[in-house]
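> Dropping a prediction and its sequence here:
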Amino acid sequence: MTTKRPTDARLAAARYGLERAPAPEPDEETSNTGQPTMDQRAQIVEIAIQQAQRRGDFDGLPGAGKPLTGLNAVRDPDWWIRRKIEREGLTGLGPPALTLRTEDAALQGRLDGIAAETAVREVLEDFNRRVREARRQLLGGPPVVTAPRDVEAEVTAWRERRADRWRAADEERRREAAEQAAMTWRQRWRARRRA
């Protein structure tokens, strides 16, 4: 048992007109195959779009009412690859130019997660080696615009960020100790009991 879906009167009229229309001449677009012409197909599609708009099928779509992103950005011929890699969170895929750009953007955070200076130097030297190799390649693909990093400057910046993190952690410990010292014995007991 099939249920008939309600249709728009204009769509039904367009379909009826197609069914009753005389067969097209052989020199027309359809070459007498019984298929609708391009104008007829365009009319059916336009009517279907109008019906969907009236039903509200296009309301509440993601991005509705928001400005288009990247209109004033520099033209990147490989924008679609870069956007796919970013959206999917893929790593290690794609041409070296794109993977190195992505790695370059996240390199500072990666360095901050390393505890030893020798390991930081190794990561930077490996990154610089891969940038130089990508620039020497003769394969096709987008040009490599990622610059090698200055190892000494990056290590100095890493040391400063590390010292700042240590100072912030030390200040936090001192603040907590001062708060504990300011509490009465009853407040300390309640705080331990809650934890």
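Received, thanks.

> Which helix or which strand is home to Leu100?
Using DSSP states H and E, Leu100 sits in helix 96-112.

> contact partners of that helix?
78, 81-82, 85-86, 91-93, 120, 123-124, 127, 130-131, 133-134, 137, 141-146, 149, 154, 157-158, 161-162, 165 (C-beta atoms under 8 Å, 6 or more residues apart in numbering). From N, CA and C alone the C-beta is placed, and that goes for glycine too.

> hmm, try it at 6 Å
Contacts of helix 96-112 with the rest of the structure, by C-beta atoms under 6 Å, 6 or more residues apart in numbering, involve Arg82, Val120, Val131, Ala134, Pro142, Val144, Thr146, Trp158, Arg161.

> List the buried residues for it?
Pro96, Ala97, Leu98, Thr99, Leu100, Arg101, Thr102, Glu103, Asp104, Leu107, Leu111 (16 or more other C-beta atoms under 10 Å).

> helices or strands next to the helix or strand that that helix is followed by in the packing?
Downstream of helix 96-112, the next assigned helix or strand under DSSP H and E is helix 117-136. On a contact count with 3 or more C-beta pairs under 6 Å, 6 or more residues apart in numbering; DSSP states H and E, helix 117-136 meets helix 96-112, helix 151-182.

> and His111, how far is that from Gly17?
His isn't right for residue 111; it's Leu. 69 Å (C-beta to C-beta, to the nearest Å).

> now swap in Asp112 and tell me
Taking C-beta to C-beta, one finds Asp112 at 69 Å from Gly17.

> now do the same end-to-end measure for stretch 64-81.
24 Å (C-alpha to C-alpha, to the nearest Å).
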